[in-house]
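1. sequence unavailable; structure follows:
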(Lines give C-alpha, C1' and ligand atoms only; values in the text may rest on other atoms or scores of the structure.)
Protein backbone atom coordinates (compact mmCIF):
# COMPACT_ATOMS: atom_id res chain seq x y z
CA UNK A 1 0.00 0.00 0.00
CA UNK A 2 2.86 2.30 0.85
CA UNK A 3 4.49 1.58 -2.53
CA UNK A 4 1.22 2.44 -4.33
CA UNK A 5 1.02 5.77 -2.49
CA UNK A 6 4.62 6.57 -3.44
CA UNK A 7 3.97 5.75 -7.12
CA UNK A 8 0.77 7.82 -7.11
CA UNK A 9 2.57 10.77 -5.54
CA UNK A 10 5.36 10.47 -8.13
CA UNK A 11 2.88 10.44 -11.02
CA UNK A 12 1.13 13.50 -9.57
CA UNK A 13 4.48 15.28 -9.28
CA UNK A 14 5.37 14.49 -12.91
CA UNK A 15 1.96 15.72 -14.13
CA UNK A 16 2.33 18.96 -12.18
CA UNK A 17 5.78 19.52 -13.68
CA UNK A 18 4.54 18.90 -17.21
CA UNK A 19 1.59 21.21 -16.68
CA UNK A 20 3.81 23.93 -15.22
CA UNK A 21 6.06 23.75 -18.29
CA UNK A 22 3.17 24.05 -20.74
CA UNK A 23 3.87 27.32 -22.58
CA UNK A 24 1.29 30.07 -22.16
CA UNK A 25 0.36 31.50 -25.61
CA UNK A 26 -0.22 34.90 -23.97
CA UNK A 27 3.57 35.21 -23.61
CA UNK A 28 3.82 35.81 -27.36
CA UNK A 29 2.31 39.22 -26.56
CA UNK A 30 3.57 40.39 -23.12
CA UNK A 31 1.23 43.09 -21.90
CA UNK A 32 2.31 44.24 -18.44
CA UNK A 33 2.27 47.98 -17.73
CA UNK A 34 5.85 49.23 -17.83
CA UNK A 35 7.01 46.85 -20.59
CA UNK A 36 9.26 48.60 -23.12
CA UNK A 37 10.32 47.79 -26.68
CA UNK A 38 12.81 49.73 -28.81
CA UNK A 39 12.83 49.34 -32.61
CA UNK A 40 14.98 50.39 -35.53
CA UNK A 41 12.46 51.38 -38.21
CA UNK A 42 12.82 52.52 -41.80
CA UNK A 43 11.51 55.93 -40.68
CA UNK A 44 13.62 56.12 -37.52
CA UNK A 45 14.03 54.92 -33.95
CA UNK A 46 11.00 54.36 -31.74
CA UNK A 47 10.57 53.40 -28.11
CA UNK A 48 7.20 51.85 -27.21
CA UNK A 49 5.99 51.49 -23.66
CA UNK A 50 2.69 50.33 -22.16
CA UNK A 51 1.98 53.20 -19.79
CA UNK A 52 -1.45 52.13 -18.56
CA UNK A 53 -4.25 49.64 -19.05
CA UNK A 54 -7.95 49.35 -18.25
CA UNK A 55 -10.46 46.53 -18.02
CA UNK A 56 -13.55 46.62 -20.21
CA UNK A 57 -17.00 45.30 -19.37
CA UNK A 58 -16.20 42.09 -21.24
CA UNK A 59 -13.06 41.51 -19.17
CA UNK A 60 -10.66 42.37 -21.97
CA UNK A 61 -7.64 44.53 -21.13
CA UNK A 62 -7.20 47.74 -23.10
CA UNK A 63 -3.54 48.72 -23.53
CA UNK A 64 -2.35 52.32 -23.87
CA UNK A 65 1.06 52.97 -25.42
CA UNK A 66 3.63 55.71 -25.22
CA UNK A 67 5.61 56.17 -28.46
CA UNK A 68 8.82 57.98 -27.51
CA UNK A 69 7.39 61.12 -25.88
CA UNK A 70 3.84 60.80 -27.28
CA UNK A 71 1.14 59.26 -25.07
CA UNK A 72 -1.73 57.78 -27.06
CA UNK A 73 -5.03 59.06 -25.62
CA UNK A 74 -6.89 55.95 -26.85
CA UNK A 75 -5.93 52.28 -26.45
CA UNK A 76 -3.77 50.71 -29.14
CA UNK A 77 -4.68 47.08 -28.47
CA UNK A 78 -7.10 45.05 -26.41
CA UNK A 79 -6.13 41.60 -25.20
CA UNK A 80 -8.35 38.69 -24.20
CA UNK A 81 -6.04 36.41 -22.25
CA UNK A 82 -8.76 33.78 -21.83
CA UNK A 83 -9.18 33.31 -25.59
CA UNK A 84 -5.55 34.16 -26.45
CA UNK A 85 -6.60 36.93 -28.84
CA UNK A 86 -5.25 40.43 -29.45
CA UNK A 87 -7.29 43.09 -31.26
CA UNK A 88 -6.01 46.27 -32.86
CA UNK A 89 -8.39 48.99 -31.69
CA UNK A 90 -10.27 51.57 -33.81
CA UNK A 91 -11.43 49.84 -35.84
CA UNK A 92 -11.37 46.48 -34.09
CA UNK A 93 -9.24 44.00 -36.01
CA UNK A 94 -8.35 40.50 -34.80
CA UNK A 95 -4.61 40.91 -35.18
CA UNK A 96 -3.20 37.92 -33.33
CA UNK A 97 -4.48 34.49 -32.31
CA UNK A 98 -1.70 33.69 -29.88
CA UNK A 99 -2.54 29.98 -29.68
CA UNK A 100 -2.61 29.51 -33.47
CA UNK A 101 -0.63 26.69 -35.07
CA UNK A 102 1.14 26.64 -38.44
CA UNK A 103 -1.49 26.77 -41.19
CA UNK A 104 -4.26 28.34 -39.10
CA UNK A 105 -6.19 31.13 -40.87
CA UNK A 106 -8.54 33.72 -39.36
CA UNK A 107 -10.52 36.77 -40.44
CA UNK A 108 -8.86 39.99 -39.32
CA UNK A 109 -11.86 42.06 -40.36
CA UNK A 110 -14.41 42.26 -43.17
CA UNK A 111 -16.00 44.95 -45.29
CA UNK A 112 -19.29 45.14 -47.15
CA UNK A 113 -18.82 47.59 -50.04
CA UNK A 114 -22.43 47.03 -51.13
CA UNK A 115 -22.12 44.17 -53.57
CA UNK A 116 -20.25 41.46 -51.67
CA UNK A 117 -18.30 40.98 -48.47
CA UNK A 118 -14.52 41.11 -48.71
CA UNK A 119 -12.14 39.86 -46.04
CA UNK A 120 -8.72 40.68 -44.66
CA UNK A 121 -7.11 37.43 -43.55
CA UNK A 122 -4.17 36.35 -41.40
CA UNK A 123 -2.19 33.13 -41.64
CA UNK A 124 0.07 31.57 -39.02
CA UNK A 125 2.72 30.75 -41.57
CA UNK A 126 5.40 29.19 -39.40
CA UNK A 127 6.41 28.46 -35.82
CA UNK A 128 9.90 27.39 -34.81
CA UNK A 129 12.44 27.52 -31.97
CA UNK A 130 15.53 29.70 -32.07
CA UNK A 131 17.47 32.51 -30.43
CA UNK A 132 16.87 36.25 -30.48
CA UNK A 133 19.48 38.54 -28.90
CA UNK A 134 20.95 35.44 -27.17
CA UNK A 135 17.52 34.68 -25.72
CA UNK A 136 16.13 31.18 -26.34
CA UNK A 137 12.58 31.52 -27.60
CA UNK A 138 9.90 30.29 -30.00
CA UNK A 139 9.01 32.36 -33.04
CA UNK A 140 5.54 32.67 -34.59
CA UNK A 141 5.29 34.23 -38.08
CA UNK A 142 1.90 35.72 -38.95
CA UNK A 143 1.26 36.97 -42.49
CA UNK A 144 -1.57 39.42 -43.17
CA UNK A 145 -3.33 39.45 -46.55
CA UNK A 146 -5.10 42.26 -48.34
CA UNK A 147 -8.87 42.22 -48.75
CA UNK A 148 -10.25 39.46 -50.96
CA UNK A 149 -13.63 37.98 -51.83
CA UNK A 150 -13.42 34.74 -49.83
CA UNK A 151 -11.88 33.32 -46.68
CA UNK A 152 -9.50 30.87 -48.38
CA UNK A 153 -5.85 31.78 -48.90
CA UNK A 154 -4.60 30.57 -52.29
CA UNK A 155 -2.08 31.51 -54.98
CA UNK A 156 -4.21 34.54 -55.90
CA UNK A 157 -4.21 35.97 -52.37
CA UNK A 158 -2.08 39.08 -51.96
CA UNK A 159 0.22 39.05 -48.87
CA UNK A 160 0.61 42.47 -47.33
CA UNK A 161 3.04 42.13 -44.42
CA UNK A 162 4.36 39.60 -41.90
CA UNK A 163 4.79 40.16 -38.16
CA UNK A 164 7.10 37.83 -36.25
CA UNK A 165 6.31 37.33 -32.58
CA UNK A 166 8.75 35.80 -30.11
CA UNK A 167 7.67 33.94 -26.97
CA UNK A 168 8.41 36.06 -23.90
CA UNK A 169 9.33 39.09 -26.02
CA UNK A 170 6.52 40.16 -28.36
CA UNK A 171 6.96 41.62 -31.85
CA UNK A 172 10.52 41.31 -33.13
CA UNK A 173 10.06 42.13 -36.82
CA UNK A 174 7.61 43.72 -39.25
CA UNK A 175 8.31 42.64 -42.85
CA UNK A 176 6.73 44.25 -45.94
CA UNK A 177 5.71 41.43 -48.32
CA UNK A 178 5.27 43.93 -51.15
CA UNK A 179 9.02 44.21 -51.68
CA UNK A 180 9.88 46.71 -48.98
CA UNK A 181 11.65 44.18 -46.77
CA UNK A 182 12.04 44.65 -42.99
CA UNK A 183 10.18 47.75 -41.84
CA UNK A 184 11.25 47.50 -38.24
CA UNK A 185 13.44 45.22 -36.12
CA UNK A 186 13.60 44.95 -32.35
CA UNK A 187 16.78 46.29 -30.74
CA UNK A 188 15.93 45.48 -27.14
CA UNK A 189 13.13 45.30 -24.62
CA UNK A 190 12.25 45.27 -20.92
CA UNK A 191 9.68 42.59 -20.15
CA UNK A 192 8.38 42.33 -16.58
CA UNK A 193 11.56 44.00 -15.34
CA UNK A 194 14.00 41.83 -17.32
CA UNK A 195 16.12 43.43 -20.05
CA UNK A 196 16.75 41.61 -23.33
CA UNK A 197 19.15 43.08 -25.90
CA UNK A 198 20.23 46.71 -25.92
CA UNK A 199 18.01 49.34 -24.36
CA UNK A 200 18.50 53.10 -23.93
CA UNK A 201 19.38 54.11 -20.38
CA UNK A 202 18.33 57.74 -20.43
CA UNK A 203 15.47 59.77 -21.77
CA UNK A 204 18.14 62.00 -23.35
CA UNK A 205 19.04 59.11 -25.66
CA UNK A 206 15.56 59.09 -27.17
CA UNK A 207 15.05 61.21 -30.27
CA UNK A 208 12.00 63.31 -30.86
CA UNK A 209 9.14 61.01 -31.76
CA UNK A 210 9.22 59.99 -35.44
CA UNK A 211 5.72 58.55 -35.14
CA UNK A 212 4.04 61.92 -35.49
CA UNK A 213 1.64 60.59 -38.13
CA UNK A 214 -0.03 57.37 -39.23
CA UNK A 215 -1.34 56.22 -42.61
CA UNK A 216 -4.18 53.69 -42.68
CA UNK A 217 -5.25 51.19 -45.31
CA UNK A 218 -7.74 52.68 -47.74
CA UNK A 219 -11.38 51.59 -47.50
CA UNK A 220 -12.68 49.76 -49.41
CA UNK A 221 -9.76 47.94 -50.98
CA UNK A 222 -10.14 46.70 -53.70
CA UNK A 223 -12.37 49.58 -54.86
CA UNK A 224 -14.27 50.86 -57.91
CA UNK A 225 -14.01 53.74 -58.55
CA UNK A 226 -13.88 55.57 -55.19
CA UNK A 227 -12.05 54.80 -51.98
CA UNK A 228 -11.34 56.65 -48.75
CA UNK A 229 -7.85 57.19 -47.34
CA UNK A 230 -7.44 57.97 -43.65
CA UNK A 231 -4.40 59.45 -41.95
CA UNK A 232 -3.72 61.01 -38.58
CA UNK A 233 -1.08 63.37 -37.19
CA UNK A 234 -0.25 63.99 -33.55
CA UNK A 235 1.36 67.38 -34.15
CA UNK A 236 0.83 70.07 -36.79
CA UNK A 237 3.04 70.20 -39.86
CA UNK A 238 3.39 70.19 -43.64
CA UNK A 239 2.07 67.02 -45.28
CA UNK A 240 2.02 65.64 -48.79
CA UNK A 241 -0.19 62.70 -49.82
CA UNK A 242 0.42 61.38 -53.34
CA UNK A 243 -0.79 58.43 -55.42
CA UNK A 244 1.78 56.72 -57.67
CA UNK A 245 1.77 53.91 -60.21
CA UNK A 246 3.91 50.83 -59.55
CA UNK A 247 6.47 52.36 -61.95
CA UNK A 248 6.80 55.39 -59.70
CA UNK A 249 4.81 57.76 -61.94
CA UNK A 250 2.92 60.45 -60.04
CA UNK A 251 -0.82 59.94 -60.57
CA UNK A 252 -2.36 62.57 -58.31
CA UNK A 253 -1.42 64.78 -55.36
CA UNK A 254 -4.26 64.51 -52.83
CA UNK A 255 -2.83 66.73 -50.07
CA UNK A 256 0.02 69.23 -50.10
CA UNK A 257 -0.46 71.71 -47.30
CA UNK A 258 0.00 72.50 -43.62
CA UNK A 259 -2.31 70.47 -41.37
CA UNK A 260 -3.29 70.77 -37.73
CA UNK A 261 -3.08 67.68 -35.50
CA UNK A 262 -6.05 65.31 -35.84
CA UNK A 263 -7.60 62.58 -37.98
CA UNK A 264 -8.34 63.15 -41.67
CA UNK A 265 -10.29 61.39 -44.43
CA UNK A 266 -9.88 62.06 -48.13
CA UNK A 267 -11.75 60.55 -51.07
CA UNK A 268 -9.73 59.23 -54.02
CA UNK A 269 -11.53 58.93 -57.35
CA UNK A 270 -10.01 56.38 -59.71
CA UNK A 271 -12.66 56.61 -62.44
CA UNK A 272 -10.10 57.86 -64.98
CA UNK A 273 -7.58 55.11 -64.20
CA UNK A 274 -7.28 51.54 -65.42
CA UNK A 275 -7.52 48.55 -63.11
CA UNK A 276 -4.34 47.78 -61.25
CA UNK A 277 -2.26 48.29 -58.12
CA UNK A 278 -1.25 51.78 -57.06
CA UNK A 279 0.80 53.19 -54.20
CA UNK A 280 -0.23 56.06 -51.96
CA UNK A 281 2.48 57.80 -49.95
CA UNK A 282 2.30 60.22 -47.04
CA UNK A 283 5.36 62.44 -46.44
CA UNK A 284 5.97 64.60 -43.36
CA UNK A 285 9.41 66.17 -43.14
CA UNK A 286 11.93 63.41 -43.87
CA UNK A 287 9.53 60.61 -42.87
CA UNK A 288 7.50 58.57 -45.35
CA UNK A 289 4.73 55.97 -45.10
CA UNK A 290 3.31 54.06 -48.08
CA UNK A 291 0.53 51.55 -48.72
CA UNK A 292 -0.98 49.78 -51.75
CA UNK A 293 -4.48 50.25 -53.11
CA UNK A 294 -6.18 48.04 -55.71
CA UNK A 295 -8.54 49.36 -58.38
CA UNK A 296 -10.80 46.67 -59.88
CA UNK A 297 -13.21 47.71 -62.62
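-> Here it is on my side, so go on. None of the values given here were measured: they were computed from a predicted structure.
2. what are the ranges of the strands in the stretch 51-200 of the chain?
-> Here the stretch 51-200 of the chain has its strands, by DSSP state E, counting those that start in this stretch, at 61-67, 70-71, 77-80, 85-88, 93-97, 105-111, 118-132, 135-148, 159-166, 170-176, 181-191, 194-197.
3. for the third one, give me every contacting residue.
-> Strand 77-80 is contacted by residues 26, 29, 31, 56, 58-63, 65, 85-89, 92, 95 when judged by C-beta atoms under 8 Å, 6 or more residues apart in numbering. Any C-beta I mention is one placed from the backbone N, CA and C, and that applies to glycine too.
4. write the ChimeraX selection for whichever of those are buried.
-> Remark: buried members of the contacts of strand 77-80, expressed as a ChimeraX selection using 16 or more other C-beta atoms under 10 Å:
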select :26,29,31,60,61,62,63,65,85,86,87,88,89,95
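5. re the thing from before, out of the strands of the stretch 51-200 of the chain, flag the one nearest residue 261.
-> Shortest distance between residue 261 and the strands of the stretch 51-200 of the chain, using C-beta to C-beta, is found for strand 70-71: 10.5 Å.
6. parallel or antiparallel, list what pairs with the closest one.
-> According to DSSP bridges, strand 70-71 forms sheet pairs with strand 61-67 (antiparallel).
7. nearest to residue 37, of the strands of the stretch 51-200 of the chain?
-> Checking the strands of the stretch 51-200 of the chain against residue 37 by C-beta to C-beta gives strand 181-191 as the closest, at 4.5 Å.
8. in the sheet, which strands lie alongside that closest one, parallel or antiparallel?
-> Paired strands of strand 181-191, with direction, are strand 36-41 (antiparallel), strand 170-176 (antiparallel), strand 194-197 (antiparallel) (DSSP bridges).
9. low-confidence ranges, the chain, go.
-> 1-22, 201-212, 246-248, 285-286 (pLDDT under 70).
10. now for residue 176: which residues touch it?
-> 161, 182, 183.
11. ok, now how distant is residue 133 from residue 96?
-> Going from residue 133 to residue 96 by C-beta to C-beta, to the nearest Å gives 21 Å.
12. scratch that, residue 82
-> Separation of residue 82 from residue 96 (C-beta to C-beta): 14 Å.
13. generate JSON lines for the strands paired with strand 181-191, with distance to residue 153 as supplementary columns.
-> JSON lines is the format used below for the strands paired with strand 181-191 (distance: least, C-beta to C-beta, whole Å):
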{"stretch": "strand 36-41", "distance to residue 153": "28"}
{"stretch": "strand 170-176", "distance to residue 153": "17"}
{"stretch": "strand 194-197", "distance to residue 153": "33"}
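14. that older thread, between the strands of the stretch 51-200 of the chain, which one is closest to residue 239.
-> Shortest distance between residue 239 and the strands of the stretch 51-200 of the chain, using C-beta to C-beta, is found for strand 70-71: 17.0 Å.
15. next one: that closest one to chain centre, how far?
-> On the basis of C-alpha atoms, centre = their mean, to the nearest Å, strand 70-71 sits 18 Å off its chain's mean C-alpha point.
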